[in-house]
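J.: Sequence plus predicted model, see below.
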Amino acid sequence: MGAELPLALVTGSHRRLGAHIALALGRAGYSLALHGSHDCEIEDWFSSELSVAGIAWAGFVADFERPDAPQALMADVTAHFGRAPDLLVNSAALFGQDRPETVTSQDLMRHYAVNCAAPVLLTRAFAAAPVKPGRAVVNILDQRLANPHGDQLAYTLSKQALAGFTQIAARELAGRGIRVNAVAPGLTLATDDYDGGKMERLAGMMPLGLLPAPGQIGQAVLYLASATAVTGQVIAVDGGAHLDSYRRDFMHL
C-alpha cells in the first residue's frame, strides 16, 4: 500500500483565489478539505480540474462569524478524513468598502471575526493534534499592509492583526515542529469593479509592470508548505506593489 497523501484544509477555497491555491496543492499531491462560509458549491472550472487531476477532496461549510465554527470545522474535517490536516491555509476573508469616516463597530467586529479570530482559533485546533513532522500553517495576507491606506479599513485592520498573529504563532508553535508563514498577494483576480483596460493600466503601475497570476499565489503557498527551515516569513506575490505607496485601493485608481 502506498504512503498516505498529506491533507490540506484550505478555507475560502470553493471559489476565486482560494480555489486556485487549493488546486496547486492538489496537483502537488495533497488531498483537499475545501471550505465555504455558507455553501461549498465549487465553481465549474475548479470541479473540472479536480476531476481531470484525480484529486481527492471533500467540502465543508462553516460560517466564521459564529465563534464556535472554527473548532467545529477542524473537528468535522478530522472526522471525515480520519486524521488531522497536515497543512492549514487560512484563505477565507471578508472584504468591505468602509473607510475611517464610515466604518461601524459592526464592520470592525465582523471583519475581525472572519479575517483574524477564525484563523487564530483554527490554528489552535490544528496545533492540538498529535505531533507529526512537517505540519504547517500559511496565512493569506495582503500586499497593502506594507503601505496601508484608508479604503476597506475594517478589512485592512483585521489583516494587520492576522499578520501579527503569524509572527506570534511562528514563535509559539516552533517547539511543536509547526511552521507558520504567510503569503501577501497583490491584485490578482478582477471583480466586476475592474474591466480589462483598468487591469492593464494597473499592471503598468506595478514596479515589475505586471500583476500576479492566481497560480503564482498557489505556488508560493506550496513552497511555504514544504520549506522545512522557514517560519515566521511573509512572501509578497504582487508584482512589487508592496514597494510603493498607493493613495487609494486599486479599484479607485
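T.: Here it is on my side, so go on. What you see is a predicted model; the values in this text were computed from it and never measured.

J.: and the next element down the chain from the helix or strand harbouring His111?
T.: For His111, the host element (DSSP states H and E) is helix 105-112. Using DSSP H and E, the next helix or strand after helix 105-112 towards the C-terminus is helix 118-127.

J.: buried set for that next one?
T.: Neighbour counts using 16 or more other C-beta atoms under 10 Å place 118-123, 125-127 of helix 118-127 among the buried residues. All C-beta spots, glycine's among them, are computed from the backbone N, C-alpha and C.

J.: which strands and helices sit next to that helix?
T.: Contact partners of helix 118-127 among helices and strands, from 3 or more C-beta pairs under 8 Å, 6 or more residues apart in numbering; DSSP states H and E: helix 69-81, strand 87-90, strand 136-140, helix 153-173.

J.: hmm, 10 Å instead?
T.: Under the contact criterion of 3 or more C-beta pairs under 10 Å, 6 or more residues apart in numbering; DSSP states H and E, the helices and strands touching helix 118-127 comprise helix 69-81, strand 87-90, strand 136-140, helix 153-173, strand 179-185.

J.: What is the distance between the longest one and the centre of its chain?
T.: For helix 153-173, the distance between its averaged C-alpha position and the chain's averaged C-alpha position is 12 Å (C-alpha atoms, centre = their mean, to the nearest Å).

J.: Asp107 versus the residue most central in space within the chain, what's the distance?
T.: What sits nearest the mean C-alpha location of the chain, by C-alpha atoms, centre = their mean, is Ser91, with 2.0 Å. As for Ser91, its distance to Asp107 is 21 Å (criterion: C-beta to C-beta, to the nearest Å).

J.: Please apply the same query to Gln97.
T.: Gln97 sits 10 Å away from Asp107, taking C-beta to C-beta as the criterion.

J.: sorry, back to before: report all helices and strands that the helix holding His111 contacts.
T.: Under the contact criterion of 3+ C-beta pairs under 10 Å, 6+ apart, the helices and strands touching helix 105-112 comprise helix 153-173.

J.: What angle do helix 118-127 and the helix it packs on make with each other?
T.: Per axes from the mean of the first three to the mean of the last three C-alpha atoms, to 10 degrees, the angle that helix 153-173 makes with helix 118-127 is 20 degrees.

J.: which ones are touching Gly12?
T.: Listed by C-beta atoms under 10 Å, 6 or more residues apart in numbering, the contact partners of Gly12 are 18-19, 21-22, 34-37, 64, 89-94, 114, 118, 140.

J.: so where's the stretch 101-250 of the chain shaky on pLDDT?
T.: By pLDDT under 70, the stretch 101-250 of the chain contains no weakly predicted segment.

J.: hmm, back to that, next, the angle helix 153-173 makes with the helix holding His111.
T.: Using the same axes, to 10 degrees, helix 105-112 lies at 40 degrees relative to helix 153-173.
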